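Chemist: Provided below are the primary sequence and the corresponding predicted coordinates.
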Amino acid sequence: MLTITDLHANIDGKEILKGLSLTVKPGEVAAIMGPNGSGKSTLSYVVSGRDGYEVTEGSIVLNGEDILAMEAHERAAKGIFLAFQYPLEIPGVTTMTFLKAAMNAQRKQRGEEELTTPDFIKRVRAAADKLGVSQEMLRRPLNVGFSGGEKKRMEVLQMVLLEPKIAILDETDSGLDIDALRIVAEGVNALRAPDRSFLVITHYQRLLDYIVPDSVHVLSAGRIVKSGDKGLALELEKNGYRDYVADAA
Amino acid sequence: MTPRPPVIRTKAETSLVESFAQASASLPGGDAVRGARTRAFDVFHERGLPHRRIEAWHYTDLRNLMREAYPIASGVAAKAESGLRVAIQDGVCTLPTGALPAGLKLTAMRDALASADEALIHALFPDQGADDAMAAFNAAMARDGVLIEVAPGAQIDAPIELSFTASGDAPHGDISRCLVMVGAGARASILESHAAPARVQRNSAMIFRLGEAASLSHVFETCAASPELHVATLIAEVGKDAAFSSFAFVCAGEVLRRQAFVRGVGEGVKIALRGVSLLKGKQHADTTLVVEHAVPHGESREMFKTILDGEASGVFQGKVVVRPHAQKTDGGMKSQAILLSDDAAMYNKPELEIFADDVVCGHGATVGQLDEDQIFYLMARGIPRAQAEGMIIEGFAREVLEFVEDEAIRERLGAGLSGWLARRAS
């Protein structure tokens, strides 16, 4: 599904990722854990194609295709989805307008027919009901005035509608209370499928109680320094990151 | 007192002064009107064209921008239309044919001036804006326009359209002066659209007087082709419990100066001035407002959004004045601009002058570029950059466009916004 090999990436001339390699198999839920400043958010931005990051070495291959030269919107159409740690507010653009623009932009790039309005509305209604996203929220400008929990539910709604091949969850648990966390996790778990993978980036193990990973990788100083199963997350919770920080240094 | 330096007469000033000398004998109105015109002309004569050392005109140096004054059009009247559409071509008014809604009276300003009584003269030549040279020139020279009277209690649902156009291809100037009197408890709306197929210098004035609990919403719009130089003055006096709102949609014209002088004279007024300006090329648009609360319990809201591309420049100068007795005034003023190009410029100058001690007033002004975080968010969902930028700009403008009450007008302006963005992207 996703193969990252010896990835080196800079921002403003400073190297953040220093030879990161990682493979995520179809249907796998891989958790990336690491201390602050280890490069977790950079990894999510570099994979999803944000401008401003310079990849100096290495490759990112999605389903056999090197995506490094693609722009963010092209990668999205190929099936990469980034659930933001802090979803942006877009004043004056209603959530429905945005959802339709996003779904149709991806379809257009893939050479598929645009959705008809009734078909679009039917899909949004069905997904919104399951996630407890109200019609009123859909009529409001995207994320404007939404609570932290509402914003994260909106991210999951987008994920459901855009049906990605690989979803990157960047610190999705930050700022969520336990009820909101459960709703978001249920939404993600419902999407687990043999042909869809997840990269769950988190600082704490708490989220992994709800989204149980197949593999856990420790990111420190821009590299994966240890990989294991979900037991590794529990060990990190107990002992912290200090062993790995020392390793990297 | 320091002696004033003599006003240097530029070529344009000289021809404007001469045009008054030539026209004055033939301008409509009796002795009292003539007296008001002469006083107004004296203001212009003493000050000349406004320039950058005049604070209110600092960013729109008209003496420099108006090198030549085009001859003032003798005026070709447009054909009359039906419905609620008043045509003002070359400054000459043509009233619509057919029946008008009950409580609405339209009179060509030339006729109103010819038979004006003291009350009308007082309304037509108010002290607000009287010391502004361009507003004064308008007062001195205006031959025509329209007088709109809405009887007390009348509810006019459909907007009354004032369509300003110009005839012919020769460069010319046109001047018009309109007065809208809304009686107690009455409600009406005005759509003022400006177009000009030729090279036109326009000086237009709209004066509003709202009686007790009256309500008026006004929309100003520029059309695809608009005057190359346009000074538009708005003067409003808002009575007790009355609501006045004015919205400006600007996307055409080369140099546009909109100046508004709005005064709340009764308790409980609600004043709202808002607008969207979409500027590109070398366009220059200046919005200068003076909102005055003279009595307690008034509310005013100003919100202007400006989007600038190319080498365009925008100006927002907003001044809210709260007089000593105007306690419990609630004022909020905002100007936000997005610069789409390194060569575009925005000048924001919000001011509060508060002489009362129990008020809530605030202002904010921002100038920025498109937010890269927002763009990336949309791109990460599959939306290409150009479309993402367009959506963000459109959303930015729609936030204030939503305040246009009339649905048909709001949709038309929305289509104008989308069209502007589509032309930018292509």
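Modeler: The structure has been received and is ready for your questions.

Chemist: and the residue in chain B positioned nearest to chain A, what is it in contact with?
Modeler: For chain B, the residue closest to chain A is residue B:395, as judged by C-beta to the nearest C-beta, at 2.9 Å. Yep, even glycine has a C-beta here, placed from its N, CA and C like the rest. When contacts are counted by C-beta atoms under 8 Å, 6 or more residues apart in numbering or on different chains, residue B:395 is found next to A:90, A:91, A:92, A:93, A:141.

Chemist: just curious, which of these is nearest to chain B?
Modeler: The closest of those, once distances to chain B are taken by C-beta to the nearest C-beta, is residue A:92, at 2.9 Å.

Chemist: SS state for that closest one?
Modeler: Under DSSP: H, G, I helix; E, B strand; the rest coil, residue A:92 falls in the coil class.

Chemist: who's in contact with it?
Modeler: A:141, B:394, B:395, B:396, B:397, B:398, B:399.

Chemist: for residue B:350, name its beta-bridge partners.
Modeler: residue B:318 (DSSP bridges).

Chemist: how much space between it and residue B:119?
Modeler: 35 Å (C-beta to C-beta, to the nearest Å).

Chemist: residue A:230 too?
Modeler: For residue A:230, the distance to residue B:119 - C-beta to C-beta - is 85 Å.

Chemist: what does chain A put close to chain B?
Modeler: Contact residues, chain A versus chain B (C-beta under 8 Å from any C-beta of the partner chain): A:48-52, A:71-73, A:76-77, A:81-82, A:84, A:87-88, A:90-93, A:97-98, A:101-103, A:105-106, A:109, A:141, A:158, A:162.

Chemist: need the contacts of residue B:395 in JSON lines (columns: pLDDT and distance to residue B:311).
Modeler: JSON lines is the format used below for the contacts of residue B:395 (pLDDT from 0 to 100; distance: C-beta to C-beta, whole Å):
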{"residue": "A:90", "pLDDT": "97", "distance to residue B:311": "28"}
{"residue": "A:91", "pLDDT": "95", "distance to residue B:311": "27"}
{"residue": "A:92", "pLDDT": "95", "distance to residue B:311": "26"}
{"residue": "A:93", "pLDDT": "96", "distance to residue B:311": "28"}
{"residue": "A:141", "pLDDT": "96", "distance to residue B:311": "31"}
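
Chemist: which of the residues you listed are buried?
Modeler: With burial judged by 16 or more other C-beta atoms under 10 Å in any protein chain shown, the buried subset of the contacts of residue B:395 is A:90, A:92, A:93, A:141.

Chemist: mind giving me the packing neighbours of the lengthiest helix in chain B?
Modeler: Secondary structure of chain B per DSSP state H: the longest helix is helix B:407-425. Contact partners of helix B:407-425 among helices and strands, from 3 or more C-beta pairs under 8 Å, 6 or more residues apart in numbering or on different chains; DSSP states H and E: strand B:215-222, strand B:270-279, helix B:385-401.

Chemist: one more time with 7 Å
Modeler: On a contact count with 3 or more C-beta pairs under 7 Å, 6 or more residues apart in numbering or on different chains; DSSP states H and E, helix B:407-425 meets helix B:385-401.

Chemist: mind listing what's buried in the helix it packs on?
Modeler: Using 16+ other C-beta under 10 Å as the test for burial, helix B:385-401 gives B:387-401.
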